[in-house]
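Sequence and computational prediction follow.
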Amino acid sequence: MRTTAFKLSAIYLIIFSIFATFLIVYIAFNTQVLMTRQLNATIQLEVRGLVERYRAGGLSELVKVIEDRSRRPGASLYLVTDFRGHYVAGNVAALPKWVMEKRGAVDQAVIYQRLGDVDQRKQYKAVVNVYETFGGYRLLVGRDIGERETFREVVEQAFIVSGILLVFLALLAWLFVSRKVLNRIDMIAVASRHIMAGQLDERLPVTQAGDEFDRLSDSLNVMLSRIEGLMHGLKEVSDNIAHDLKTPLTRLRNRVEVTLASEEADSQTYRQALEQTLEESETLIRTFDALLRIARVEAKSTQIEKIKLDIGAIAADMAELYEPVAEDEGALLTWDATSSQYIDGNRELISQAIANLIDNALKYAVRHVAEQRQTPDVTDQDQAAEASLPEQAKIHISVMSKASQVILSVSDNGPGIAKNDRQRVLQRFIRLDKSRNQPGSGLGLSLVNAVASLHEANIQLDDNEPGLIFSISFAQALPDQQQEQDS
Amino acid sequence: MHILIIEDDTEAAAYLVKGLKEAGHACDHAADGDEGYKLAASHSYDVMIVDRMLPKRDGLSIIEQRRTEGDETPVLILSALGEVDDRVTGLRAGGDDYLTKPYAFSELLARIEVMARRRSPSEVATTYRLADLELDRLAHTVKRAGEQIILQPREFRLLEYLMKNAGQVVTRTMLLENVWDYHFDPQTNVIDVHISRLRAKIDKGFEPALLQTIRGSGYSLREPD
């Protein structure tokens, strides 16, 4: 943690330093260039003025003007020499010899001594221009650049000061990061350790700031709520498993024990006990298989192999498989799958889901119709109610397409499911009669649910008035010319 | 038949050996993959029963190697993994049939007997005959005592499968897998209902009844003894 904060501060420091250096150097350089240009312009103006004076009044006028100007405070540099290089007029005491040999603007700063200075050896720097007038006379005009030097010193100083300031700021940033930001991370870490230790109801701290940490904590909290919900579901499932597997196991064990302990048991009794044991174990295996299958379907999510399928044909196939069963039980099973509807899916799983739906519809509708017809008081007193009684259980399977969705629905005229129970029936081991004495594992619709979510399909339960409509809407498979021609 | 069982659970294997011997078959048992491969390579068997997960060497690799070595012995794979894709990998490795644990012994027996007979050349027949029942696979017609019987397409396929394996016991699961191509347990007696419909068409009004229910196992199309 500390090293992260240090690294962050160091990176900030380096980036700031590079940027600041660049900025200062850039400003200094440009200012220097600008100042030099201004100096040269001033000098040239002055030269022009002096040359005009010279033309008007000759050398004596020039000397007079120069001497006059030299005495003013903050004066420019002036020097007039004759053809041998001897001093004629001006305020310059000493100059490097080569300067007077030049013509025009001298491209480097010239070191000179000033005439009339208290300290004769004091050196100054200046930008100068040199002109040849007549008969070997030369005129030098220049401006002291002491100001410019001062400016450079100021810049250098600013550079040093800002450097120190930067390091100081980086230290401050480091302190801030480690104190404030990393504290938040530490808080989150502590909370997650608690959650890991089993306190699933704990949540990550969210401040009022609404910053990235809060957003992160918010999402993680949503995730935690979901996990808590799943864990809760898992607990419910394991309780149900305990009930649904342990009850038959107990029965099985008791039967074996009682048979073994019985004194007058003959081979007929043993055979009967063994047959019942076999039957019971088969039921157990079925429940176990169904659970495993649901778990595997749920765990697989995207890995399962999906191909383009005609779900209409699959539904018709399953309906054909179940139609004699329905007829045997006095129910009417009808289906319409007139057109081919394609989805991407797994044939085996979708077939089983449809089988489970038909199985469920048959089971409840047949029983419901039988119960209604047996209720005596209705038949005796109310002829209209008698007429409205369903004659037989009816199950209808349909496959149709609607707005790039393929909807498979299985409807019945059974008891239906109350609105607030409709989501619950999709969970494992949920049977709406609490007694659990009806046949069935309570896993049929859970598998349908798992298969639907594997196919990213939506389940909807509606009232068939009377009865239930169970619909699954799949995304329609994209049209594939090749495949349609082949089939 | 001479059967090789490669299964690491010795108790389960002992039950298998006992049951198969009672059904009139001779058995060899190997408890791990290496031993199983050695036996398979050195003897000629009619059927091999191979557990998928074995110590030392897994079942599928034995089957794959025997297949590349030209061994055509029918193989039944036993496995605790029962999902469709597990089955597919098993059959791709060279297995002929796949049975998920826990299985009923009657299921296993019916499967290996059908599997062993399937290798015989009579498979290419275009017409199946049993007593006075006749099924023409090309013309898609069925006759009993010279009388034409109208069957639904699925009923025809059901009868075709039963006639192809006439005299053998076929289980409900085998029918569901081979006639309908489903590999899940439909929880209801769907197959029984279809069989009784078929029975009403081919046996009702004729003597003797050919489509027999074998208690605890499944069905068999055969002439009564």
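Received, thanks. Numbers count the residues shown, from 1 in each chain, chains lettered A, B, ... in the order given.

For the rest of this, base every contact and every neighbour count on C-alpha atoms.
Will do.

what sits up against stretch A:280-295?
A:L245, A:P248, A:L249, A:L252, A:S441, A:L443, A:S446, A:L447, A:A450, B:E83, B:P102 (C-alpha atoms under 8 Å, 6 or more residues apart in numbering or on different chains).

Most widely separated two among the residues you listed?
A:L252 and A:A450 (30.6 Å; C-alpha to C-alpha).

Between these two, which has more neighbouring residues?
In terms of neighbours (other C-alpha atoms under 10 Å in any protein chain shown), A:A450 is the more surrounded of A:L252 and A:A450; the figures are 24 against 19.

can you give me phi and psi for B:S217?
Main-chain torsions, B:S217, degrees, to the nearest 10: phi -120, psi -60.

ugh, wrong one, A:W335
A:W335 adopts backbone torsions of phi -150, psi 150, taken as degrees, to the nearest 10.

what about A:A158, helix or strand, and which?
For A:A158, the element it lies in under DSSP states H and E is helix A:146-176.

mind listing what residue 75 touches?
Since no chain was named, I'll use chain A. Residues in contact with A:A75, defined by C-alpha under 8 Å, 6+ apart, are A:R69.

hmm, I had chain B in mind actually
Contacts for B:V75 (C-alpha under 8 Å, 6+ apart) come out as B:V47, B:M48, B:I49, B:V50, B:I63, B:G94, B:G95, B:D96, B:D97.

and the residue sitting furthest away from the middle of chain A, which of the three is it?
Among the residues of chain A, the one whose C-alpha is farthest from the average of all C-alpha positions is A:S60, by C-alpha atoms, centre = their mean at 86.3 Å. The local conformation at A:S60, judged by DSSP: H, G, I helix; E, B strand; the rest coil, is helix.

can you check A:L200 too?
Of the three states, A:L200 takes coil under three-state DSSP.

Next, work out how far apart it and chain B are.
According to C-alpha to the nearest C-alpha, to the nearest Å, A:L200 stands 34 Å off from chain B.

Tell me which residues touch that residue, please.
Going by C-alpha under 8 Å, 6+ apart, A:L200 touches A:L224, A:E228.

mind checking how far the helix-or-strand element of chain B with minimal mean pLDDT is from the chain centre?
Per-element confidence for chain B was summarised using mean pLDDT, DSSP states H and E. The lowest value among helices and strands belongs to helix B:84-92, with a mean of 81. What separates the centre of helix B:84-92 from the centre of its chain is 17 Å, taken as C-alpha atoms, centre = their mean, to the nearest Å.

Return the alpha-carbon coordinates of that helix using PDB.
The C-alpha atoms that make up helix B:84-92 are tabulated as PDB, following Å, rounded to 0.1, in the frame of the first residue of the first chain:
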ATOM      1  CA  VAL B  84     -25.000 -35.600 -23.800                       C
ATOM      2  CA  ASP B  85     -21.500 -34.300 -24.600                       C
ATOM      3  CA  ASP B  86     -19.900 -36.900 -22.400                       C
ATOM      4  CA  ARG B  87     -21.800 -39.500 -24.300                       C
ATOM      5  CA  VAL B  88     -20.700 -38.000 -27.600                       C
ATOM      6  CA  THR B  89     -17.000 -38.100 -26.600                       C
ATOM      7  CA  GLY B  90     -17.300 -41.700 -25.500                       C
ATOM      8  CA  LEU B  91     -18.900 -42.800 -28.800                       C
ATOM      9  CA  ARG B  92     -16.400 -40.700 -30.800                       C
END
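
Name the surrounding residues that touch it.
A:E348, B:L60, B:I77, B:L81, B:D97, B:Y98, B:H183.

Same check on stretch B:135-152?
B:T126, B:T127, B:Y128, B:R129, B:D132, B:L133, B:E134, B:F156, B:E160, B:K201, B:I202, B:F206.

ok, and the most crowded of those residues?
Of the contacts of stretch B:135-152, B:I202 is surrounded by the most neighbours, 22 neighbours in total, counting by other C-alpha under 10 Å.

Phi first, then psi, for it.
Taking degrees, to the nearest 10, you get phi -100, psi -20 for the backbone angles of B:I202.

Could you measure from it over to chain A?
From B:I202 across to chain A, the span is 17 Å (C-alpha to the nearest C-alpha).

quick check: domain ranges of the chain?
Since you didn't name a chain, this refers to chain A. Per automatic domain parsing, the structural domains of chain A span A:2-150, A:200-300, A:302-480.

that's the wrong chain, I wanted chain B
Annotated domains of chain B cover B:2-118, B:124-221 [automatic domain parsing].

related to what we said a few turns ago, just the ones in helices from the contacts of B:V75, please.
With helices defined by DSSP state H, the entries of these inside them are B:I63.

From the contacts of B:V75, which land in strands?
Secondary structure of the contacts of B:V75 is defined by DSSP state E; positions in strands are B:V47, B:M48, B:I49, B:V50, B:D97.

Just the buried ones from these, in ChimeraX syntax?
A single ChimeraX command suffices to select whichever of the ones in strands among the contacts of B:V75 are buried according to 16 or more other C-alpha atoms under 10 Å in any protein chain shown:
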select /B:47,48,49,50,97
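
can you redo the ones in strands among the contacts of B:V75 as a markdown table with distance to chain A?
Shown next, in a markdown table, are those (distance: C-alpha to the nearest C-alpha, whole Å):
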| residue | distance to chain A |
| --- | --- |
| B:V47 | 27 |
| B:M48 | 25 |
| B:I49 | 22 |
| B:V50 | 21 |
| B:D97 | 18 |
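
How are the strands of the chain distributed by residue range?
No chain specified, so I'll use chain A. Shown for chain A, the strands assigned by DSSP E span residues A:77-81, A:87-90, A:92-94, A:104-105, A:110-114, A:123-132, A:138-144, A:307-310, A:332-336, A:342-345, A:394-402, A:405-412, A:458-463, A:468-475.

Not quite, go with chain B.
Applying DSSP E to chain B gives strands spanning B:2-6, B:26-30, B:47-51, B:75-79, B:97-100, B:127-130, B:133-136, B:141-144, B:147-149, B:170-171, B:211-214, B:218-221.

Of those, which is nearest A:S162?
When those are ranked by distance to A:S162, counting by C-alpha to C-alpha, first place goes to strand B:75-79 at 76.1 Å.

What strands flank the closest one, and is each parallel or antiparallel?
Partner strands for strand B:75-79, per DSSP bridges, with pairing direction: strand B:47-51 (parallel), strand B:97-100 (parallel).

Report the angle between that strand and strand B:2-6.
Put simply, strand B:75-79 runs at 30 degrees to strand B:2-6, going by axes from the mean of the first three to the mean of the last three C-alpha atoms, to 10 degrees.

Now strand B:75-79 - C-alpha only, CSV.
Output in CSV follows, covering the C-alpha atoms of strand B:75-79 (Å, rounded to 0.1, in the frame of the first residue of the first chain):
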residue,chain,number,x,y,z
VAL,B,75,-17.5,-51.8,-26.6
LEU,B,76,-20.0,-50.7,-23.9
ILE,B,77,-18.7,-47.7,-22.0
LEU,B,78,-19.8,-47.3,-18.3
SER,B,79,-19.6,-43.9,-16.8
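
Check B:E123 and give its pLDDT.
According to the prediction, B:E123 has pLDDT 56.

from the contacts of stretch A:280-295, which would you call buried?
With neighbours counted using 16+ other C-alpha under 10 Å, the contacts of stretch A:280-295 contain these buried positions: A:L245, A:P248, A:L249, A:L252, A:S441, A:L443, A:S446, A:L447, A:A450, B:E83.
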